[in-house]
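**Q** I'd like to go over a predicted model; first the sequence, then the structure.
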Amino acid sequence: MKFRKKPIVVEATRWFKNGDHPEDNCAVSTDSDGKPRKHEGAVVRYWRAPVVQGAESYSTLCCNHCGNAFMAHGWIDTLEGGHIVCPGDWVITGIAGERYPCKNDIFVATYEPVE
């Protein structure tokens, strides 16, 4: 059998860096050296580093999907667990308020703007 996705309207924000999601509410504080520091977002948090055997440093690890260093990525909690958010991914808020990342090519093929 084949099925067609029901037409629903979702909210989505394209994410490129910490603080891009409108509900992130990233606070700014001052470090002990007097420099401002932006805290991680409330929706898309900083990337969570896994334990990687043999890796010299996390700054040298690159994503298999986008090729960017993992330090430029975000992390979002979904109903299925945590997921990496690549720069350029869309963060979708579903019909039940759940949030999940979506690659740009999939998003463009699946969704269209609503007036």
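**A** Structure received.
**Q** Who are the contact partners of C62?
**A** N68, A69, F70 (Cβ atoms under 8 Å, 6 or more residues apart in numbering). The C-beta positions use only the backbone N, C-alpha and C, and glycine is treated the same way.
**Q** what about 10 Å?
**A** N68, A69, F70, M71, A72 (Cβ atoms under 10 Å, 6 or more residues apart in numbering).
**Q** which residue packs closest to R37, ignoring adjacent ones?
**A** Nearest non-adjacent residue to R37, counting by Cβ to Cβ, 6 or more residues apart in numbering: D31, 5.0 Å away.
**Q** And the contacts of C62, which two are furthest apart?
**A** Farthest pair in the contacts of C62 (Cβ to Cβ) is N68 and M71. Separation: 8.7 Å.
**Q** per-residue pLDDT, the residue nearest to R37?
**A** We note a pLDDT of 83 for D31 in this prediction.
**Q** Cheers, nothing more for now.
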